[in-house]
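S.K.: Next one to model:
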Amino acid sequence: MELQEKVNVPVFIGVDRDVFLRDVYPKRRPAVLRSVCLGPCLEKWTAHYLREKGGDMEVKVHVSTVPKMNFLHKNFVYKTLPFNEFVKRASEKKHSDFFLCEDESYYLRSLGEDVRKEPADIRKQFPVLAEDFKIPEFFDPDQFFSSVFRISSCGLQLWTHYDVMDNLLAQVTGTKRVVLYSPQDALHLYMSGDKSEVLDIDSPDLEQFPEFAKAKRFECVLQPGDLLFIPALWFHNTLALEFGVGVNVFWRHLAAESYDKKDPYGNKDPVAATRALQALERALHTLDELPPEYKDFYGRRMVQRIQKRTYIDSNDIKNSDESEANPG
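M.R.: Purely as a prediction, here's the structure:
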């Protein structure tokens, strides 16, 4: 079976707030934004500079013996290191000091002060470094949710998942490949919560995951200074082609009350979606009271009702994708 149709993510040059809100944001499709001012971080954020300015504050990091990190099966451990020591290790291929093995991989996703209540904000956790980074003003300040500082070893690959907030991924140091899948392809991704069970997206086991071949693969390689707009609900998988430093800026696409207030990571489904999924579970338990052939029949009727009430017409999506292939 031939693997997935591939589409290059469109690139927009020199986008300002007006252009973003007019030509990019309403389409709800990924876009690479190039030549947007991110501040002096592009020149300053070398490994040496980060170690010097970041100091020895302790950070909690992921450490794995392999570069392909897997959240479903937890093939990594959490370790605490001084920030400057972490940057040293993450920026080198072989380690004289290590936890698991001399070529282990490292990944930092910054956290809020109270990890259970506060979203990450680079201005609070790394105030000196934050002075070098200019958050693009593409949304209203009251929509801001978090700014997540990320550092990855070369070769580090993160699992395919979606977020419920809109997201600008700013690549500051190094290059990064990003593969994305549309929310409309969710049924082909073998979801477990907000993550895909297909761990190897480049050489997937199509006997185990045959539907995965039907998912359309959107792809881009981010250069230093690039921004990637990832709309809420779009699945994404990242691969650091070099030692990489970046910042994710998340903001609310929906009204603030639509989101779970006890969600510092921005990855819990909107409140209404959570209620709907809980109601569906109750409905499915009710169907369990019927014999198998009745459960099958009424299950199919439920699927039909859901399709009629919620699905977007696939022709509209196809036409939108084709128009974005040539953004001009």
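S.K.: from here on, contacts and neighbour counts on C-alpha atoms
M.R.: OK.
S.K.: mind listing the helices for the stretch 51-200 of the chain?
M.R.: Remark: helices assigned in the stretch 51-200 of the chain by DSSP state H, counting those that start in this stretch are 83-90, 122-125, 127-130.
S.K.: So for the longest helix along the chain, what gets flagged as buried?
M.R.: Looking across the chain with DSSP state H, the single longest helix is helix 292-310. Residues of helix 292-310 classed as buried by neighbour count (16 or more other CA atoms under 10 Å): K295.
S.K.: Render the CA-only coordinates of that helix in PDB, please.
M.R.: What follows is helix 292-310, C-alpha atoms only, in PDB (Å, rounded to 0.1, in the frame of the first residue of the first chain):
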ATOM      1  CA  PRO A 292     -24.700  -7.800  19.900                       C
ATOM      2  CA  GLU A 293     -26.700  -7.400  16.700                       C
ATOM      3  CA  TYR A 294     -28.900  -4.700  18.300                       C
ATOM      4  CA  LYS A 295     -25.900  -2.900  19.600                       C
ATOM      5  CA  ASP A 296     -24.300  -3.000  16.200                       C
ATOM      6  CA  PHE A 297     -27.500  -1.600  14.500                       C
ATOM      7  CA  TYR A 298     -28.000   1.200  17.000                       C
ATOM      8  CA  GLY A 299     -24.300   2.000  17.100                       C
ATOM      9  CA  ARG A 300     -24.300   2.500  13.300                       C
ATOM     10  CA  ARG A 301     -27.300   4.800  13.700                       C
ATOM     11  CA  MET A 302     -25.500   6.800  16.300                       C
ATOM     12  CA  VAL A 303     -22.500   7.100  13.900                       C
ATOM     13  CA  GLN A 304     -24.800   8.400  11.200                       C
ATOM     14  CA  ARG A 305     -26.300  11.000  13.500                       C
ATOM     15  CA  ILE A 306     -22.800  12.200  14.500                       C
ATOM     16  CA  GLN A 307     -21.700  12.400  10.900                       C
ATOM     17  CA  LYS A 308     -24.800  14.500   9.900                       C
ATOM     18  CA  ARG A 309     -24.500  16.800  12.900                       C
ATOM     19  CA  THR A 310     -20.700  17.400  13.100                       C
END
